[in-house]
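Engineer: Sharing a model that was predicted from the sequence below.
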Amino acid sequence: VQLVESGGGLVQPGGSLRLSCAASGLTFSYYDMSWYRQGPGKEREFVAIIRGAGGAVVYADSVKGRFTISRDNAKNTVYLQMNMLRAEDTAVYYCNAREMARVSTVYWGQGTQVTVSS
């Protein structure tokens, strides 16, 4: 199984970025897909999740109204659209796949750096 994130980079406060996570080696629709992040000197934290069945979404309070998670099961890809970015959004963003029928089966991507700075 491979999860490959892309789309990170340097952006000014108030700007936008779209992250992508391409999955391979798994039946994508069987997995809940999430984004996590780890800021400098901080623990990894939950950002957003989109369910494999039905596509329900949940967001962390810190990103609600600014970030949008979506998935394309035909392309085995999950996205994170990030708008109105703030300095505190600076972090390495990780993609996570968790099998719905077996929650102990979890995969992580290698992460992509997002830096929000003027």
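Structural biologist: The structure has been received and is ready for your questions. All of these numbers come straight from a predicted model, not from anything done at the bench.

Engineer: Any chance you could list what contacts stretch 65-72?
Structural biologist: Stretch 65-72 has contacts (C-beta atoms under 8 Å, 6 or more residues apart in numbering) with 28, 33, 35, 47-50, 55, 57, 59, 77-85. (C-beta placed from N, C-alpha, C; glycine too.)

Engineer: how does it look with 10 Å?
Structural biologist: 16, 18-21, 23, 28-29, 31-35, 47-52, 55, 57-60, 63, 77-86, 89 (C-beta atoms under 10 Å, 6 or more residues apart in numbering).

Engineer: who touches stretch 52-62?
Structural biologist: For stretch 52-62, using C-beta under 10 Å, 6+ apart, the contacting residues are 27-37, 45-51, 64-71, 73, 86, 88-89, 97-101.

Engineer: any idea where the strands of the chain begin and end?
Structural biologist: Per DSSP state E, the chain carries strands over the ranges 2-6, 9-11, 17-24, 31-38, 45-50, 57-59, 67-72, 77-82, 91-99, 106-108, 112-116.

Engineer: Same list, those strands, but as TSV with mean neighbour count and mean pLDDT please.
Structural biologist: As requested, the strands of the chain are exported to TSV (neighbours: other C-beta atoms under 10 Å; pLDDT from 0 to 100):
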stretch	mean neighbour count	mean pLDDT
strand 2-6	17	97
strand 9-11	14	98
strand 17-24	18	98
strand 31-38	23	98
strand 45-50	19	98
strand 57-59	15	98
strand 67-72	18	97
strand 77-82	22	98
strand 91-99	21	97
strand 106-108	15	97
strand 112-116	18	98
